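**Student:** only geometry, no sequence info:
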Ligand code: NA
Ligand code: NA
């Protein structure tokens, strides 16, 4: 029996970690006598942003983390960030295989699976958002909290200089009015209690979560074929199941938020299309720029986007 | 994987041995990390993780307030503004023995309400009060003890960054936990005042009994307006800036330092010499403390990664015991871990295990959250390695010994334990206010 | 030789000076970003990020100087109970151990910088910041700390005083 050590980027109580732990249970059930995952903990075991390097160097065998935490090494993670598909489609059309190959080449890790996909981000504000004559969102009055994932979009399209705060400081910053708007995934606002201060959700949502399981490549190659199959099968099954589970969770969260008075405001028509285009294209541009700096170049750029973005869905 | 108790023995054993033979605390942590990384993270590549982890823990905005509060206190001291204020308070309070100790507790309680950081408030009060009080003939425990105590108040009395984080991790009501801390926090400062009164009674020598010339009301008013109000107003202004949403608690320290600089300019006592001394003073403590943070953050992670701390927690909570005994076990585990780990890592590690357990034992989660905050607070000043003790050592006069600091801390830790006992007997103390 | 010593000392104090400047920068950057925000201008995101990086540079550039001024706390238990001759030996041994720790970290620091350059690593916050610009502070810091600790191994002065207590 082989044992694989693992850490996860977020605290154990967070919904995304719970999802990963379910995947671990599945592997440990199916892999009895073949392969077992031994979870060593979260950010208390290895720092959140140091985990990608730790798996790359083989200090730990497996990590569950957003691709954005190692965007310097694999800028192609932005294809997932700007995706409007879920892991189910990207698995079927070969997109995840392509991302896997890029991870192996650029980072020396196996990309095992894209979990908790199909969840996107909204802008959430305290006060009713304002729009200009063309229906575009006005950002001048907003005190917007940002982070590395969405800054390309916030800065370059919305023209906002964001206030960069760690997640743990956002609650008190909202409480005191230091910030009055933030991006966040559709799920999880209630767990963080930010809904005590935020009253508006701005639609449409943009981006996608980019949480994935990466495995040290040498360790992966050293596994028996049987062990590899157990891990890969469980990952593919969990890709699909986590999409369904989080959809349910999102609907429940939205209902609870609306019952608590959360208002939904939506951009319309051309303004909406511009907003979505900007989120996507600013992120793609960042990706293309960083790809071009790498010796392997940006030749795969178009193919990659084809696998993770379906324009028909945005019609 | 190694059994958890062997991992624990190796890690704690090496750090204790290295510190005992007199290795600087930060270096002892780094050395223990190298040993631990080698064993548990697969040889020399583990050491790169160690460096990366240290980099991650150090470049965190949460650490910004500490040097700035230190700078604020040092400027107060080196420009003579602090001396002015304490002379005035001394005169205003007349003969009350131990008056500056009371001022420390009252000021500290007030200050706690604005700073969420116990390291920051220990740094400020320590650099502000200890040199002044020593100069006036106070025994050191009369200044060091109350400051170590009020440093801990900072995380119970809202606002408190640590309480928000705990509530978020444990998925309990943030507002309720913050409000639950108010009455216990006030009770605790009353206990502190009682302790000082007792210490003055037991040892009248502890606080100077010198007579102050009686002065007229007019002179008192002048003193108050000229020497006390401007200094206090710096504090008041930063409180208002925080409450009004102009600054976050982490940013408030910068305005504290700026405010004191402005004040020193107004009072014409800002010299290049005093600026230089203040910066050097703030640097000495900050660098010493941050290199320890650099080492101890990784040590915390090694305890977690090796399975040592989670093994200890599971073992200690694995028995079916009476709820009160279970509570004592959890409390004890927190105190033990607290001697070696930093607080956020401890919360990440213990919350997922302790809160479900507490719920199954029938404890109110808000009440339990508060007890946990108290344990974190106490562990911050637990000898031998509570971080606040080292911060205090950094700001106290050079001849202060370890014994003095430890002995000063004990009575005030006793107060916190007494409060925990009261909370167990009368949970309403915590739960009445949020229940309204 | 004297020339080298003087140059080295100048370098050590220059680093300490930068460390102090970083401390002042912490205050300035926070004050400026708060002013901008409250004037309705959105503060530059680099103000925030630079203060986080300043914490690292401040600690790493100042740490060797702190060894020089004996500012790193240690606890004297064993060394306080020993006879002067034995204490001298233990004290120099402890200092030598410190040198060893610093050398290991300096050596791994050099490797880390190499890796960061080879992999073209970035520190991803508000901006993509080249990682080696941060990790370069490790070999510099620990290398100089090793030199400073070795003064307590070979030099006239001892690190330990022989009086019980925490010492700076
Ligand atoms: Na507080
Ligand atoms: Na501690």
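**Tutor:** That came in fine, so what should we check first? Note that this is a predicted model, so its numbers are computed, not measured. Ligands and ions are numbered 1, 2, ... in the order given.
**Student:** So in the chain, which helix runs the longest?
**Tutor:** No chain in the question, so chain A it is. Determined from DSSP state H, the single longest helix within chain A is helix A:225-259.
**Student:** looking at chain B here, not the other one
**Tutor:** Longest helix in chain B, counting residues (DSSP H): helix B:272-305.
**Student:** Check which helices and strands the longest helix of chain A sits against.
**Tutor:** Judged by 3 or more C-beta pairs under 8 Å, 6 or more residues apart in numbering or on different chains; DSSP states H and E, helix A:225-259 is in contact with helix A:15-30, strand A:35-41, helix A:87-92, strand A:109-114, helix A:189-192. Every C-beta, even on glycine, is put in place using the N, C-alpha and C of the backbone.
**Student:** Could you check how far it is from the centre of its chain?
**Tutor:** Centroid displacement of helix A:225-259 relative to its chain, using C-alpha atoms, centre = their mean, to the nearest Å, is 13 Å.
**Student:** What is the subsequent helix or strand relative to that helix?
**Tutor:** Downstream of helix A:225-259, the next assigned helix or strand under DSSP states H and E is strand A:263-266.
**Student:** If you count contacts, what does that next one end up packed against?
**Tutor:** With contacts taken as 3+ C-beta pairs under 8 Å, 6+ apart, strand A:263-266 sits against strand A:200-206.
**Student:** what's the following helix or strand past the strand it packs on in contact with?
**Tutor:** Where DSSP H and E defines the elements, the next helix or strand beyond strand A:200-206 is strand A:211-216. Strand A:211-216 is contacted by residues A:4, A:16, A:20, A:23, A:52, A:55-56, A:58, A:60-67, A:80, A:103, A:107-117, A:231, A:235 when judged by C-beta atoms under 8 Å, 6 or more residues apart in numbering or on different chains.
**Student:** just stretch A:43-57 next, same as before
**Tutor:** Identification of contacts with stretch A:43-57 by C-beta under 8 Å, 6+ apart yields A:7, A:9-11, A:40, A:59-63, A:65, A:69-70, A:73, A:107-109, A:214-216, B:45, B:48-49, B:52-53, B:55-57, B:300-301, B:304-305, B:344-345, B:348-349, C:124.
**Student:** So what's the gap between that stretch and the chain middle?
**Tutor:** Its chain's C-alpha centre and that of stretch A:43-57 lie 17 Å apart, by C-alpha atoms, centre = their mean.
**Student:** distance between the ends of that stretch?
**Tutor:** 17 Å (C-alpha to C-alpha, to the nearest Å).
**Student:** avg pLDDT for it?
**Tutor:** The average pLDDT within stretch A:43-57 is 90.
**Student:** hang on, isn't residue B:34 packed against residue B:48?
**Tutor:** No - using C-beta atoms under 8 Å, residue B:34 makes no contact with residue B:48, being 11.4 Å away.
**Student:** one step back: and the buried ones among the contacts of stretch A:43-57, selectable in PyMOL?
**Tutor:** Here is the PyMOL command that selects the buried residues among the contacts of stretch A:43-57 (16 or more other C-beta atoms under 10 Å in any protein chain shown):
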select buried, (chain A and resi 7+9+10+11+40+59+60+61+62+63+65+69+70+73+107+108+109+214+215+216) or (chain B and resi 45+48+49+52+53+55+56+57+300+301+304+305+344+345+348+349) or (chain C and resi 124)
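**Student:** Which ones among the contacts of stretch A:43-57 map onto helices?
**Tutor:** Using DSSP H, the subset of those located in helices is A:107, B:45, B:48-49, B:52-53, B:55-57, B:300-301, B:304-305, B:344-345, B:348-349.
**Student:** Look through chain C and state the residue closest to ligand 1.
**Tutor:** Nearest residue of chain C to ligand 1: residue C:30, at 19.0 Å (C-beta to the ion).
**Student:** who in the stretch 1-150 of chain A is up against ligand 2?
**Tutor:** By the rule C-beta under 5 Å from the ion, no part of the stretch 1-150 of chain A lies against ligand 2.
**Student:** Can you pull the poorly scored residue ranges out of the stretch 1-150 of chain A?
**Tutor:** Counting by pLDDT under 70, the low-confidence segments of the stretch 1-150 of chain A come to A:148-149.
**Student:** Assign a three-state SS to residue A:133, would you?
**Tutor:** Secondary structure state of residue A:133, per DSSP: H, G, I helix; E, B strand; the rest coil, is coil.
**Student:** Then residue A:78?
**Tutor:** At residue A:78 the chain is in helix, as set by three-state DSSP.
**Student:** How about the contacts made by the closest residue to residue C:101 other than its chain neighbours?
**Tutor:** With sequence-adjacent residues excluded and distances taken as C-beta to C-beta, 6 or more residues apart in numbering or on different chains, residue C:101 is closest to residue B:31, at 4.7 Å. Counting by C-beta under 8 Å, 6+ apart, residue B:31 touches B:14, B:18, B:23, C:97, C:101.
**Student:** what's the answer for residue A:222, then?
**Tutor:** Residue A:222 touches nothing, counting by C-beta under 8 Å, 6+ apart.
**Student:** Let me know the pLDDT of it.
**Tutor:** 97.
**Student:** measure it to residue A:35 for me?
**Tutor:** Residue A:222 sits at a distance of 11 Å from residue A:35 (criterion: C-beta to C-beta, to the nearest Å).
**Student:** just residue A:92 next, same as before
**Tutor:** 25 Å.
**Student:** same deal with residue B:60?
**Tutor:** In terms of C-beta to C-beta, residue B:60 sits 36 Å off from residue A:35.
**Student:** likewise residue B:353?
**Tutor:** For residue B:353, the distance to residue A:35 (C-beta to C-beta) stands at 26 Å.
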